[in-house]
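Chemist: Show me how the following folds:
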Amino acid sequence: MKYVDSTQVHKKMGSRLFANNLAKTLFFLATLFGLVVLVILIYRVLADGLGWINFDFLTNRLSTDPERAGIWGAILGTLWLMLVVAPVTMILGVGTAIYLEEYAAKGRISSFIKTNISNLAGVPSVVFGILGLTVFARALDLGSVVLAGGLTMALLVLPVVVVASQEAIRAVPQFLREASYGMGATKWQTIKNVVLPASLPGILTGVILALSRAIGETAPLVVIGIPALLIPVPDGIFDKFTILPVQIYYWTIDSALVAEYANLAAATIVILLIVLFAMNSIAIMIRNKFQKRF
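Modeler: As a prediction, the model looks like this:
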């Protein structure tokens, strides 16, 4: 029988405490660095853009005159884009997750599909822009309209929704399904009345976070040719449009020629951050309000 050698323990204790303190310090410095960068970024954006935010800025259309320029068209374009992205993402994403978790036979093919869906979540967004340009803008001859942009962004965030919905459905205890089957319910009745209500908080959280990513993406829309010029305000899904991130992108580029465009870009960033914080807060509230423990 081996006994603990107190001498050896004391010899190693010093090195272990040093390694622990070193790791703690490194993690603290990493966290502090991220917070400092975030604070500086938010401070610069607020300092440059807060004074430009007023009612006229929110309701005016785009203009070459910085004093008269507004983001009303970009706000409506963003709303129209979300009206396309949200239903397409929810229907296809949740439907795919239900099939893979509840109906698909377990095997190599199912595992292969799940692995590739997870890998798609890490594909650069510009690749989805090229796909949208090829399929929606050119093959289907939609051009750079709301529908083409919305379908492209839906493809971008679809893997995120599928993975989040799979995890939420997988977290539903098996005994709930067995109890439903024991009462004579069919497979679909069990999914509709038991599985989906129990997994709804996780699904909605994943959907809202995916929409938050979609509302902040620029590269795919730039690839399919979304302009930021003096275009009419969109009235439907077949109109040309621009969105807040694209407008920020072009104003930032044009700030080299007109310095005031940098202030307009900063003001638009503030509005976009408010929208993103609101969407993420809603996701957290939904998760906390409807989460059930079994």
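
Chemist: Any stretches of the stretch 101-250 of the chain with poor pLDDT?
Modeler: The stretch 101-250 of the chain contains residues with pLDDT under 70 at 228-231.

Chemist: what are the ranges of the helices in it?
Modeler: In the stretch 101-250 of the chain, the segments counted as helices under DSSP state H, counting those that start in this stretch are 108-120, 125-132, 146-170, 174-182, 187-190, 196-215, 219-223, 244-254.

Chemist: what angle do the first one and helix 146-170 make?
Modeler: So that's helix 108-120. 120 degrees (axes from the mean of the first three to the mean of the last three Cα atoms, to 10 degrees).

Chemist: And for the fourth one?
Modeler: Between the axes of helix 174-182 and helix 146-170, defined by the same axes, to 10 degrees, the angle is 90 degrees.

Chemist: Give me the longest helix you can find in the protein.
Modeler: Counting by DSSP state H, the longest helix found in the chain is helix 6-49.

Chemist: Now do it, average pLDDT.
Modeler: Helix 6-49 comes out with an average pLDDT of 86.

Chemist: gap between the nearest residue to residue 270 once chain neighbours are set aside and residue 79?
Modeler: Setting aside the residues directly before and after it, residue 270 is nearest to residue 49 in space (Cβ to Cβ, 6 or more residues apart in numbering), at 5.0 Å. All C-beta atoms are positioned from the backbone trio N, CA, C, and that covers glycine. Residue 49 sits 21 Å away from residue 79, going by Cβ to Cβ, to the nearest Å.

Chemist: which one of those two has more residues nearby?
Modeler: Relative neighbour count places residue 49 above the other of residue 49 and residue 79, with 20 against 14, counting by other Cβ atoms under 10 Å.

Chemist: what's that one in contact with, if anything?
Modeler: 263, 264, 265, 266, 267, 268, 269, 270 (Cβ atoms under 8 Å, 6 or more residues apart in numbering).

Chemist: Tell me how many other residues crowd the third one.
Modeler: Around residue 265 there are 22 other residues, counting by other Cβ under 10 Å.

Chemist: what helix or strand does it sit in?
Modeler: Using DSSP states H and E, residue 265 falls within helix 260-290.

Chemist: relative to helix 244-254, how tilted is that helix?
Modeler: Per the same axes, to 10 degrees, the angle that helix 260-290 makes with helix 244-254 is 160 degrees.

Chemist: Now do the same contact list for the closest residue to residue 225 other than its chain neighbours.
Modeler: Nearest non-adjacent residue to residue 225, counting by Cβ to Cβ, 6+ apart: residue 144, 4.2 Å away. Applying Cβ under 8 Å, 6+ apart, we find residue 144 in contact with 137, 224, 225, 226, 227, 240.

Chemist: one more time with 10 Å, if that's ok
Modeler: 132-133, 136-137, 221, 224-227, 231, 240-242 (Cβ atoms under 10 Å, 6 or more residues apart in numbering).
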